[in-house]
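Enquirer: sequence first, then the predicted structure, then my questions.
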Amino acid sequence: MDTYLNYINGEWQASASGRLFENRNPANQDDCLGQFQASSENDVVAAIEAADHAFKSWRATPVGQRAKILNKAADYLDDHVDAFAEELTREEGKLLSNSKMEIQRSAQTLRFYAVEASTITGETYPCDDPNMLVYSQREPLGVVSVITPWNFPISIPARKIAPALMTGNTVVFKPSSESPLIALRLAEALHHAGIPNGVFNFLTGSARDIGEPLAAHKAIRAITFTGSNAAGQKIHQRAGLTTRTQMELGGKNPLIVLDDADIDTAVNLTVAGGFSLTGQACTGTSRVLITPGQKDAYLKALVAKVESLKVGNGMDPDVQIGPLASAQQLDNVLNYVELGRQEATHLIGGERLTGEGYDNGFFIRPAVFTDVTQPMRIAREEIFGPVIAVIEVEGYEDAIAKANDVEFGLSAALVTQNIDYIQRFPLDVEAGTVKVNRTTTGNLVNAPFGGVKQSSTSTFRESGRAGLDFFTQLKTVYIGR
C-alpha cells in the first residue's frame, strides 16, 4: 500500500504526528488507494511559516515567471489525464468521463489565470494639480489558506489556488480527507513545474485536528473555503479581524417548469442537474417547482427515466450514476429518504442497493418525492444526494415565491419559452447563478461563480476575472513634483 506525504517548503515529508489514515474507494471498500498523513498543528504551523517566509520573494517574482509555472503544471495534468481520471473515479466515485473532464478543466483553469492575471491593473485618476500623478495598484495579501471539499477535489482547488498564486500570494492547501489523492496530484503538478520552496504547501488531515491554525494563525491573511454551512461558519468565526474570508457554501436549487415547457427537456434537465454526480454538487437540482397542467406527464416521464438509469461503479462506461462518496454521505441521504417517506408521497428510489457489485460500496437508487410542501424538511434542507422534491405551483409568481422561500441562493433554473418570464427571471429569483433552459449545475471557467443569502459570504466571487479580486488589495498612490 502506497503512503503519501505532505508537501511543505518544497519537500515531501511525513507528519510530525506519526499518524496515517486510509483512503478507500466508495464503489468498493476493498480497494484502498493509499495512506495519507494525519497532520498535526505542528505541520500546519510549519507550512504557514514557510509560506510567510516565501511571500516577499514570490510577490517580487515577475508575472511571466508565475504564468510559466502554472502553464507547466497544466501540461503535467494533461499529460497524465487518463491515469489521474482513474484515480479520481476510484477515490470519489464519479463517472470516469466526468473525472477526465474535471482534470482537463483544472488544467484549463490554470492556463486561464496564467493569462488573465497578467492583465490586472489599477487605475489613474484625474487631478486638479497638474504636478501630481494619482493612481491605484493591486497588491497580494500574503499567506492564503485554501480549504476545499471532496466533490470536485481538483477543479475547486485549481480555481482558488491559480488566482492566489498568480496575484503573488503564497498558499497553504488542505483538501478533504475523502479525496486527498487527486489533490496531491495538483501539488505534484506544481512541484514538477518548479514552484519555489514555500510558495505552495499541501497537507492532509482532519479539520478537527488542523482547522484552528489554518483559520486563526496570525500570518494567515485570507481564507478561501468551499463546503458545508456549519464548517464555513466555524472558519469565519475563527478568522481574525484582518483576515479576509471567502465562503462558498450550500444550496437548495430549484428548477421551475412552467406550462409551456417541453416535458422531455424538463425531465432531462432534472436528471442531469439532480442525479448526475450522484446529486453531490452544491449547484445540483434539489427542488422541481411545476405547474398543475404539467405535473402528471412530467412525473410519469421522470419515473420512467429514473427506472432506466444504471447505478454502479463509475469505471463502467455503461453506468450513469456512481456511488455516494462515503458511508457518512450514505447515512445522511438515507435519513432524508426516510424523512421524505414520512412527509411526502414517495414515487421511486431511495433504497440502498445490495447484491453483486453493490455490497462493498455506497450505492443508492435516485429518489423522487411529490406532494412536497414548503414547510417540509426535504423542501428546505440541503440533502447533497440524488433526491428530488417535486412541488406544485400555481404559476410563475408562485414559483418565484417558493423558489426564494429558503435560506439558500446558489443556483436556479427556469424551463420556458415565454420571453417575458425569461427576461424577468434573472431579476426575480434570489440566486447567484441563474439559468434558462439549462441545468442548475455547471459554470464556465471564465465566468464569475458564487451564491447569495446563506450560500455565500457574498463578498468576492470565484472563477473568471472576478476570481482575482479576492486575492488582491488596492493601494492608492499620490506622486507630486
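Expert: Arrived safely, thanks for sending.

Enquirer: please make it C-alpha for all contacts and neighbour counts, starting now.
Expert: OK.

Enquirer: thinking residue 410 is in contact with residue 252, fair?
Expert: Yes. At 7.5 Å, residue 410 counts as touching residue 252 under the criterion of Cα atoms under 8 Å.

Enquirer: find the residues that touch each one of the two.
Expert: Contact criterion Cα atoms under 8 Å, 6 or more residues apart in numbering; residues shared by residue 410 and residue 252: residue 283.

Enquirer: each with direction, which strands does the helix or strand where residue 136 lies pair with?
Expert: Element membership for residue 136 (DSSP states H and E) is strand 132-140. When pairs are called by DSSP bridges, strand 132-140 turns out to pair with strand 124-125 (antiparallel), strand 472-480 (antiparallel).

Enquirer: nearest to residue 46, out of these?
Expert: strand 472-480 (24.3 Å; Cα to Cα).

Enquirer: the closest residue to residue 456 other than its chain neighbours - how many residues pack around it?
Expert: Of all residues not flanking residue 456 in the chain, residue 248 sits nearest, at 4.7 Å (Cα to Cα, 6 or more residues apart in numbering). Here the count is done by other Cα atoms under 10 Å, and residue 248 has 27 residues near it.

Enquirer: separation between residue 248 and residue 427?
Expert: 22 Å (Cα to Cα, to the nearest Å).

Enquirer: and if you look at residue 161?
Expert: For residue 161, the distance to residue 427 equals 32 Å [Cα to Cα].

Enquirer: more neighbours: the two, which one.
Expert: Using other Cα under 10 Å as the criterion, residue 161 and residue 427 rank with residue 161 on top: 26 against 11.

Enquirer: you'd agree that one is in a helix?
Expert: Yes. Under DSSP: H, G, I helix; E, B strand; the rest coil, residue 161 sits within a helix.

Enquirer: ok, it touching residue 146?
Expert: Yes. Checked against Cα under 8 Å, the pair residue 161 and residue 146 is within contact range at 7.2 Å.

Enquirer: which neighbours do these two share?
Expert: residue 171.

Enquirer: restricting to C-alpha, output stretch 450-462 in CSV.
Expert: Extracted in CSV, the C-alpha atoms of stretch 450-462 (Å, rounded to 0.1, in the frame of the first residue of the first chain):
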residue,chain,number,x,y,z
GLY,A,450,-21.0,32.3,-6.2
GLY,A,451,-24.2,32.5,-4.2
VAL,A,452,-26.3,34.8,-2.1
LYS,A,453,-28.0,34.6,1.3
GLN,A,454,-26.7,31.5,3.2
SER,A,455,-25.0,30.1,0.1
SER,A,456,-22.0,32.5,0.3
THR,A,457,-20.5,35.3,2.3
SER,A,458,-21.3,37.3,-0.9
THR,A,459,-18.1,39.3,-0.6
PHE,A,460,-16.0,38.1,-3.5
ARG,A,461,-16.9,35.8,-6.4
GLU,A,462,-14.8,32.8,-7.6
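
Enquirer: so that it lines up with my notes, have the first residue be 48 from now on.
Expert: Understood, numbering begins at 48; the last thing we discussed is stretch 497-509.

Enquirer: mind listing residues that contact that stretch?
Expert: Outside stretch 497-509, the residues that touch it by Cα under 8 Å, 6+ apart are 206-207, 276, 292-298, 454-458, 477-480, 495-496, 513-517.

Enquirer: go on, stretch 147-159?
Expert: Residues outside stretch 147-159 that contact it (Cα under 8 Å, 6+ apart): 114, 117-118, 120-122, 124-125, 128-129, 131-132, 199, 201-202, 205-206, 209, 492-493.

Enquirer: restricted to helices, list those.
Expert: Counting by DSSP state H, those place 114, 117-118, 120-122, 124-125, 128-129, 131-132, 202, 205-206, 209 in helices.

Enquirer: closest to residue 418 among the residues you listed?
Expert: Closest to residue 418, out of all of the ones in helices among the contacts of stretch 147-159 and judged by Cα to Cα, is residue 202, at 36.7 Å.

Enquirer: how much space between the nearest residue to that closest one once chain neighbours are set aside and residue 129?
Expert: Leaving out its chain neighbours, the residue that sits closest to residue 202 by Cα to Cα, 6+ apart is residue 153, at 4.8 Å. Distance of residue 153 to residue 129, computed by Cα to Cα: 14 Å.

Enquirer: which one of those two is surrounded by more residues?
Expert: Neighbour comparison, residue 153 and residue 129: the larger count goes to residue 153, with 24 against 16 (by other Cα under 10 Å).

Enquirer: if I look at residue 450, how far off is residue 498?
Expert: With distances taken as Cα to Cα, residue 450 is found 14 Å from residue 498.

Enquirer: residue 128 now?
Expert: Look at residue 128 and residue 498: by Cα to Cα, they are 30 Å apart.

Enquirer: of the two, who's got more company?
Expert: Per other Cα under 10 Å, whichever of residue 128 and residue 498 has more neighbours is residue 498, with 27 against 19.

Enquirer: just the pLDDT for that one.
Expert: At residue 498, the model reports a pLDDT of 96.

Enquirer: same deal with residue 286?
Expert: In this prediction, residue 286 carries a pLDDT score of 87.

Enquirer: show me the contacts for it.
Expert: Listed by Cα under 8 Å, 6+ apart, the contact set of residue 286 reads 262, 263, 292.

Enquirer: if we use 6 Å, what do you get?
Expert: Taking Cα atoms under 6 Å, 6 or more residues apart in numbering as the criterion, residue 286 is in contact with 262, 263.

Enquirer: that older thread, from the contacts of stretch 497-509, which ones fall inside strands?
Expert: 292, 293, 294, 295, 455, 456, 458, 480 (DSSP state E).

Enquirer: include distance to residue 53 and pLDDT when you put those residues into JSON lines, please.
Expert: Putting the ones in strands among the contacts of stretch 497-509 into JSON lines (distance: Cα to Cα, whole Å; pLDDT from 0 to 100) gives the following:
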{"residue": "292", "distance to residue 53": "25", "pLDDT": "95"}
{"residue": "293", "distance to residue 53": "25", "pLDDT": "95"}
{"residue": "294", "distance to residue 53": "25", "pLDDT": "93"}
{"residue": "295", "distance to residue 53": "25", "pLDDT": "94"}
{"residue": "455", "distance to residue 53": "35", "pLDDT": "97"}
{"residue": "456", "distance to residue 53": "36", "pLDDT": "97"}
{"residue": "458", "distance to residue 53": "35", "pLDDT": "98"}
{"residue": "480", "distance to residue 53": "36", "pLDDT": "97"}
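
Enquirer: now residue 293: how far from residue 286?
Expert: In terms of Cα to Cα, residue 293 sits 11 Å off from residue 286.

Enquirer: how about residue 419, secondary structure?
Expert: With three-state DSSP as the basis, residue 419 sits in coil.

Enquirer: now do the contacts for the residue nearest to residue 105 when sequence neighbours are not counted.
Expert: Excluding the flanking residues, the one nearest residue 105 by Cα to Cα, 6+ apart is residue 215, at 6.0 Å. Contact analysis of residue 215 by Cα under 6 Å, 6+ apart lists 105, 106, 187.

Enquirer: the first one: helix or strand, and which one exactly?
Expert: Counting by DSSP H and E, the element that carries residue 105 is helix 88-106.

Enquirer: so that helix versus strand 179-187, what angle?
Expert: 150 degrees (axes from the mean of the first three to the mean of the last three Cα atoms, to 10 degrees).

Enquirer: and helix 88-106, which residues are buried?
Expert: 88, 90-92, 94-102, 105-106 (16 or more other Cα atoms under 10 Å).
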